[in-house]
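[1] Compute the structure for the input listed below.
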Amino acid sequence: MPRTADDSWDIATSVGATAVMVALARAAETASEAPLIRDEFAEPLVSTPELAAVREQVAAWWTAEPDDDEYSVDSQQMINYQAVRTHFFDAYFADAAASGIRQVVILAAGLDSRAYRLDWPAGTAVYEIDLPKVLDYKAQTLAGHAVVPRADRRAVAVDLRHDWPQALRDAGFDSGRPTAWLAEGLLPFLPASAQESMFASIDELSGPGSRVAVEIFGVDAQRRQEAQQRWAQLRAKREMRGEDTSFDPFDLWFDDDGRPDPADWFTARGWATESVSARDEATRLGRPPQADAGPFQNGFMVANKS
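    Below you'll find the predicted structure:
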């Protein structure tokens, strides 16, 4: 369903289902012959009975019938992109930990398993912000596999469109300490006003030496419209075949009107920023993308607060 100002979801619906799609890609990469990243918890997180319908829809979205090729998603490019993205932000956290940062905030954590799989130094607190049903699903599923966090994981059940800074403080967050923030796979799912407010709160809550990493979505309005048109044509074909087409990621993005560029925003407030294109990062890692691979229009930014 299209987004509304105060909508909600669980792990199997709306924005929650996109977290499942991303975790499915990480699970596929982990199971490949030469994985770029290893997320051993992605597969158990997406293999529960309650996600059967989502798995089926994502598989259909990624699998083309012979006459669908012109419109369908290239699943291997999606898997490659998620591997590159995960690798970049894993390295970001490793660098932050090596610098002495022991306070981490993952915004819209979804099925992110870094609190469970990264090698965190003793004394590290990882705050995961997301809706209650999403956080509960992840914690309960991994607990069912006898998996425990490798850091002090603190779930902060709150919508990023609401007063999440207070919820973060209530969970023990100390704004006087340096923090490593992550906004991965997030920005298009926020209204422009909520993104602006989120950035302002990160700036306010960050002590000296803090860092923030952001995935920058690089698909312009024209390319997005073209992608939506291709999906609409594919969707019509699949509906004629009687397939379930209710999973529509394009319904979940907010418009880009008035949305600030993350690097410009943080630079203007005194943060030192560095950006890399996903295409360049993929090439560096030995995963050069196809020329028209949509996800690789994105980029990654890291900003440091002196």
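
[2] Now for Ser14, how many residues are close by?
    19 (other CB atoms under 10 Å). Glycine gets a C-beta too; all of them are placed from N, C-alpha and C.

[3] can you check Leu118 too?
    Neighbours of Leu118 (other CB under 10 Å): 17.

[4] what's the closest non-adjacent residue to it?
    Phe93 (6.1 Å; CB to CB, 6 or more residues apart in numbering).

[5] and the one you found, how far is that from Phe199?
    As judged by CB to CB, to the nearest Å, Phe93 and Phe199 stand 20 Å apart.

[6] Kindly report the same for Gln103.
    Distance of Gln103 to Phe199, given as CB to CB: 18 Å.

[7] So if I had to pick from these two, which one is more boxed in?
    Between Gln103 and Phe199, counted using other CB under 10 Å, the more crowded position is Gln103 (24 against 21).

[8] which non-adjacent residue is nearest the more buried one?
    Looking at Gln103 with CB to CB, 6+ apart, the closest residue is Thr179, at 4.6 Å.

[9] One more: Ser175?
    With sequence-adjacent residues excluded and distances taken as CB to CB, 6+ apart, Ser175 is closest to Leu205, at 4.5 Å.

[10] Now do the contacts for that neighbour.
    Neighbour list for Leu205: 165, 168, 173, 175, 179 [criterion: CB atoms under 8 Å, 6 or more residues apart in numbering].

[11] same deal with Gln103?
    Shown in contact with Gln103 (CB under 8 Å, 6+ apart): 124-125, 127, 173-174, 177-180.

[12] do that again at 6 Å, thanks
    125, 177, 179 (CB atoms under 6 Å, 6 or more residues apart in numbering).

[13] on that earlier part again, how near is the residue nearest to Ser175 to Ile106?
    14 Å.

[14] just to revisit the earlier point, same list (the contacts of Gln103) but as JSON lines, adding distance to Ala151, secondary structure and neighbour count.
    Output for these, formatted as JSON lines (distance: CB to CB, whole Å; DSSP: H, G, I helix; E, B strand; the rest coil; neighbours: other CB atoms under 10 Å):
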{"residue": "Ala125", "distance to Ala151": "7", "secondary structure": "strand", "neighbour count": "20"}
{"residue": "Arg177", "distance to Ala151": "15", "secondary structure": "coil", "neighbour count": "15"}
{"residue": "Thr179", "distance to Ala151": "14", "secondary structure": "coil", "neighbour count": "26"}
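
[15] And those, which is closest to Glu274?
    Distance to Glu274 across the contacts of Gln103 (CB to CB) is lowest for Thr179, with 18.0 Å.

[16] Gly209 is in contact with the closest one, correct?
    No. When contacts are counted by CB atoms under 6 Å, Thr179 is not listed as touching Gly209 (8.7 Å).

[17] Quick check: Ile202 is in a helix.
    Yes. Counting by DSSP: H, G, I helix; E, B strand; the rest coil, Ile202 is part of a helix.

[18] hang on, the earlier thing: which among the contacts of Leu205 end up buried?
    Neighbour counting with 16 or more other CB atoms under 10 Å marks 165, 168, 173, 179 as buried within those.

[19] Which helix or strand in this protein has the lowest average pLDDT?
    Sorting the helices and strands of the chain by mean pLDDT, DSSP states H and E puts helix 221-240 at the bottom, at a mean of 68.

[20] Okay, buried residues for the following helix or strand past that one please.
    Along the chain past helix 221-240, the next helix or strand (assigned with DSSP states H and E) turns out to be helix 262-268. The neighbour-count check on helix 262-268 (16+ other CB under 10 Å) flags 262-263, 265-266 as buried.

[21] One more: stretch 195-210?
    So for stretch 195-210, counting by 16+ other CB under 10 Å, buried means 195, 197-199, 201-203, 205-206, 209-210.

[22] Let's see which of those end up in helices.
    Using DSSP state H, 195, 197-199, 201-203, 205 are the members of the buried residues of stretch 195-210 that sit in helices.

[23] quick one: contacts of the longest helix seen in the chain?
    Longest helix in the chain by number of residues (criterion: DSSP H): helix 75-98. Contact with helix 75-98 is made by 22, 25-26, 28-29, 36-37, 62, 121, 180, 184, 211, 213, 281-282, 285, 287, 290, 293, 295, 300, as judged by CB under 6 Å, 6+ apart.

[24] Pull out the buried residues from it.
    Within helix 75-98, the residues that count as buried by 16+ other CB under 10 Å are 75-90, 92-93, 96-97.
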